[in-house]
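*Asks:* next one to model:
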Amino acid sequence: MTPPDLLPPEAPDRAAGHGYAIGIDVGGTFTDVVGIAADGTQTLAKAASTPSDQSEGVVQGLRNLAAALHLTLAELLQRTLRIVHGTTVATNALLERKGARIGLLTTEGHRDVIEMREGLKPERYDLRLPAPEPLVPRRLRLGVRERLRPDGRVEVPLDPASLEAAITRLKEEGVEGVAIGFLHSWAAPENEHAAAEAVRAALPGAFVTCSADVLPQIKEFERFSTAAVNAYVGPVVSRYLGRLAGRLAEAGYRGPLFVILSHGGVAPVEEAARLAVGTALSGPAGGVAAAVALAGQGLGGDLVTFDMGGTSTDIALVTGGEAALGRGRTVGGERIALESLDIVTLGAGGGSIAHLGPGGTMQVGPRSAGAVPGPAAYGQGGTEPTVTDANLVLGYLDPDNFLGGARRLDLDAARRAVAALAARLGLAPEACAAGIHDLVNARMADGVRLATVRRGVDPRDFALLAFGGAAGLHATAVARELGLRRAAVPLFAAGLSAWGMLHTDLRYELSRSAVTATGMPADAALRALFDGLEAEGRARMAAWHHGAVAAHRSADMRYGEQVFEIAVPLDGIDWAAPGLGDRIRAAFHARHRALFTYDLPEEEVVLVNARVAVTGLLPRHGDGRAVSAAAAPPSGQRRIRLGGTEVAAPVHRFEALAPGQELHGPALVESATTTVLLRPGDAARMEARGWLEIAVPPAG
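*Replies:* Below you'll find the model as predicted:
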C-alpha cells in the first residue's frame, strides 16, 4: 500500500536559481528547519517536536522560518524549490515497538528463519539474555507450498490452495502489512510477485512487500528480516508522509518533497514510503552529509562527526572526504541489511536523565525527558535532572537567552532537580551537576572509541566536528579525552543535519547476488550483470530527475574460505577491456590489504553481490555566509564552574565573530541556538566559511 497522493501537484515552472531550498530534521526534542536562499543566505528556525504527529512540528517549524524571513507560510512555500526531510518515524516505531501488525508468508518449512536468526546471540556468553522477540509472532508466520532451487529453477510450483489458505488466515487476523519471503527468490522473484498480487486482491488496504524487491540477495535471514521490518514500519511511515504531504499541499506548497534515506542520499517521498525500512537512519544521515560537504569546503577530509541533540548522540566517520557505508545494521534489535551510513548512536543528549543505577552509582541516560516534558528547566513539568539542567546549574547556559530568548529556562527548577539527586549521593548540587556533565562526556568519548578504535582507526588523526544543539558544550572535553587535537563547531551547529540534507543528491541503490561455482562470473556475464543494474537504475532515476546522473559500481567479495564479504569499489575499472575478472580480483586484493594489512593472491576470490548506486545531481544553493567585518569584543561575562572552581568567562556572540578572530578559553561562544564552551588551554579561531576552529591541548 503506497498512498497515491503522497506527492503534491507538480511544481510550476520557476526561474532557475531563485527561491529557497528547505531542509527539515525532526529530533527528539526540537525540529530544525533550515532555509537557504539562492544567494547563499541561510536561516535557521526551530520548533518543539511533536512525537504524536511529527508533521505538526514540521509545519510549525516552517511557520517559524517564514516569520524569520518576514514572510507568511504561503509566501515562503510558493518561493520554495524543494524540501528535503529527515524523519525518525521508522526509528521510533522500531525502538518503541509501535509498528504495524504484520504477517509473513514464506516457503513451507521456513517460517522460523526470522526467529532462529543466525544462531548467535548479541552477547553470546550472557546466559540470562532472553531471546529477541520477533516482529512477526509465530502464528502469523505462515508457510506456503512452493520451492525454488538456488539457480532460480522451480522445484515445487506455487500452490494456489496453500496460498489462499494462508491469506485467509492473515485476513482473519486483521494484519496491516504482509512481508513475503520465499526461499531463493533473489534468483527468481516470480513466485513472490504472484503471491503479492493475490494478497493485494484479498487485503486491498494492506502494505505488501516482497523480499526480492527490498533486498534481492542471498542469506535468507537478512533478506526476510529486512522485508519484515519494511512491512512493520511501512504503514506507519506511509501514513505519516501522506499527512505531511497533505499539510504542505494545503499550505500552498507545489514543489517536490524528498526524504533523506539511511545511505545519505535522498529519494522522492513516494519511494521513501515504498522502501520505508530505508528511512531507519534518516535523521542522522543529514549530519553525515553535512560533514562530507564541509570536508569539501576546507574543513579537512578526516572527521569524526559528533551530533549531540536532545535525546541522543550520533557518531560517524568521514575519511578522505567520504562517509563510511556499511550493511547489516541493527535498529531496535532488528537486522536491516540495506546499505547505510555507518553511524553509532548513543542514548546521550541534552535531555538524558541522570539517575541512580545498580549499586547506587550515578548514571546518565539512555532514558530521556524528550520534548515533553523536557528537562526540568523547560518548566513543562519535568522534575528529573538532565544534562541540560546540569549545564544550566554550572553556568554554561544563559537562562534568558535560550533559543535567542524565545524561551526562558527555569534555573531554580533545574537546581531543585539536580539537588534532589545530589542529596541521594551526598554531594553538593554543583558537584552533582559537574558529575553529570563529566559522566556524559565519558559516555560520548566511549561512543567515539566504538566508531573508531574498534574499527581499527586511530581517532587522534581526525578532527571532531561537533554539531547539534548540545554538542558545543561538550566538544573539547570529548576531544581531550580521546587525544584529538582539533575540534570544529559550525555557526549552524544546531541545524547542521537539516543543512546537510540540502547538500546531498538523489540516490537509488540496486544489488543482485552473483554467486557462481567458479567464484567469479565470466567477463561477458559480469558486464551484462553490472550494465543491466545500471540501466535499471538510470531508468528509475529518469522518472525522478531530469538533470545530470552518475552511476557508481561496487561489489561484495570474499576469499573462498571466508564467511563474510567486504565492499570493494569498482569505479576505476575499465569495463570494456579484456581481463575484466582479473581486474576485479586485483581490486579486491588491494581493498583487503588496505583493510586488514594482508591479502592472499593465491586464494579463490568470490564475487557475492553486485551493486550499483545511481545518483541524480541536485543543484546547490550558495554556501556563503555573512560574517562580521571587524572583531567583536565580548558581549559580557558569566560565572561558570570548571574543575570544581568558579571562574569568570567572557561571553562572545557567535555570529559577531570576524574571520580570523581568535579566542582563548575559558570562554563561552553563544548563538541563538547553541553555546560553545572553551576550556582553559583551548585556542579558537573563526573561519570565514562559518565554523569555529578549536585547537585542543592534550589532556592533563
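
*Asks:* CA atoms of stretch 279-290 as PDB?
*Replies:* Provided in PDB are the C-alpha atoms of stretch 279-290 (Å, rounded to 0.1, in the frame of the first residue of the first chain):
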ATOM      1  CA  THR A 279      14.400   5.600   6.500                       C
ATOM      2  CA  ALA A 280      15.600   3.900   9.700                       C
ATOM      3  CA  LEU A 281      18.600   6.200   9.900                       C
ATOM      4  CA  SER A 282      17.000   9.100   8.100                       C
ATOM      5  CA  GLY A 283      17.700  11.900  10.600                       C
ATOM      6  CA  PRO A 284      21.300  11.100  11.500                       C
ATOM      7  CA  ALA A 285      22.200  10.800   7.800                       C
ATOM      8  CA  GLY A 286      21.800  14.500   7.300                       C
ATOM      9  CA  GLY A 287      24.600  15.300   9.700                       C
ATOM     10  CA  VAL A 288      27.000  12.900   7.900                       C
ATOM     11  CA  ALA A 289      26.000  14.500   4.600                       C
ATOM     12  CA  ALA A 290      26.800  17.900   6.100                       C
END
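
*Asks:* on the pLDDT front, check the residue nearest to Leu142 when sequence neighbours are not counted for me.
*Replies:* Closest residue to Leu142 apart from its sequence neighbours, by CB to CB, 6 or more residues apart in numbering: Ala166 at 4.0 Å. All C-beta atoms are positioned from the backbone trio N, CA, C, and that covers glycine. Model confidence at Ala166, given as pLDDT, is 97.

*Asks:* try Ala688
*Replies:* 89.

*Asks:* wait, it touches Ala658, no?
*Replies:* No: counting by CB atoms under 8 Å, Ala688 sits too far from Ala658 to count as a contact (9.1 Å).

*Asks:* can you give me the strands for the stretch 501-650 of the chain?
*Replies:* 506-513, 549-559, 566-569, 605-616, 636-642, 645-653 (DSSP state E, counting those that start in this stretch).

*Asks:* which of those sits closest to Ala68?
*Replies:* In terms of CB to CB, the element of the strands of the stretch 501-650 of the chain nearest to Ala68 is strand 645-653, at 17.4 Å.

*Asks:* neighbouring contacts of the next helix or strand after the closest one?
*Replies:* Counting by DSSP states H and E, the next helix or strand C-terminal to strand 645-653 is strand 662-664. Under the criterion CB atoms under 8 Å, 6 or more residues apart in numbering, residues 652, 657, 669, 678, 682-686 lie in contact with strand 662-664.

*Asks:* quick one, whichever strand or helix holds Gly435 and strand 636-642 angle?
*Replies:* Taking DSSP H and E as the definition, Gly435 sits inside helix 429-451. Taking axes from the mean of the first three to the mean of the last three CA atoms, to 10 degrees, one finds helix 429-451 and strand 636-642 inclined to each other by 80 degrees.

*Asks:* can you list the strands that whichever helix or strand comes after helix 429-451 pairs with?
*Replies:* Scanning forward in sequence from helix 429-451 by DSSP H and E, the next helix or strand is strand 463-467. Using DSSP bridges, the strands paired with strand 463-467 in its sheet are strand 303-308 (parallel), strand 486-490 (parallel).

*Asks:* most packed of these?
*Replies:* strand 303-308 (a mean of 29; mean count of other CB atoms under 10 Å).

*Asks:* what is the rounded mean pLDDT of the helix or strand just after that strand?
*Replies:* Next along the chain after strand 303-308, taking DSSP H and E as the criterion, comes strand 313-319. What strand 313-319 shows for mean pLDDT is 91.

*Asks:* for strand 313-319, packing partners?
*Replies:* Packing partners of strand 313-319 (3 or more CB pairs under 8 Å, 6 or more residues apart in numbering; DSSP states H and E): helix 282-294, strand 303-308, strand 343-346, helix 429-451.

*Asks:* which residues does the second one contact?
*Replies:* Residues lying outside strand 303-308 but in contact with it, judged by CB under 8 Å, 6+ apart, are 284, 287-288, 291, 294-295, 313-318, 348-350, 444, 448, 451-452, 459, 462-471, 474-475, 478, 484, 496-497.

*Asks:* apply 6 Å and report the result again.
*Replies:* In this structure, residues lying in contact with strand 303-308 by CB atoms under 6 Å, 6 or more residues apart in numbering are 287-288, 291, 314, 316, 318, 349, 448, 462-468, 470-471.

*Asks:* average pLDDT across that strand?
*Replies:* 94.

*Asks:* compare the strands paired with strand 463-467 and give me the one nearest Val418.
*Replies:* strand 303-308 (19.5 Å).

*Asks:* alpha carbons only: can I get that closest one in CSV?
*Replies:* The C-alpha trace of strand 303-308 is given here as CSV (Å, rounded to 0.1, in the frame of the first residue of the first chain):
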residue,chain,number,x,y,z
LEU,A,303,36.4,13.9,10.5
VAL,A,304,34.6,12.3,13.4
THR,A,305,31.0,13.6,13.4
PHE,A,306,29.7,14.3,16.9
ASP,A,307,26.0,15.1,16.6
MET,A,308,24.5,15.7,20.1
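
*Asks:* taking strand 313-319 as reference, get the angle to that strand.
*Replies:* 170 degrees.

*Asks:* partner strands of the helix or strand Ala684 falls within, with direction?
*Replies:* Following DSSP H and E, one finds Ala684 within strand 683-686. Here strand 683-686 is paired, per DSSP bridges, with strand 662-664 (antiparallel), strand 691-695 (antiparallel).

*Asks:* looking at those, which is buried most?
*Replies:* Highest mean neighbour count among the strands paired with strand 683-686 (mean count of other CB under 10 Å): strand 691-695, with a mean of 22.

*Asks:* hmm, who's touching it?
*Replies:* Contacts with strand 691-695, where a contact means CB under 6 Å, 6+ apart, come from 487-490, 682-687.

*Asks:* re earlier: may I see the buried residues of the helix holding Gly435?
*Replies:* Neighbour counts over helix 429-451 (16 or more other CB atoms under 10 Å) mark 429-430, 432-441, 443-449, 451 as buried.
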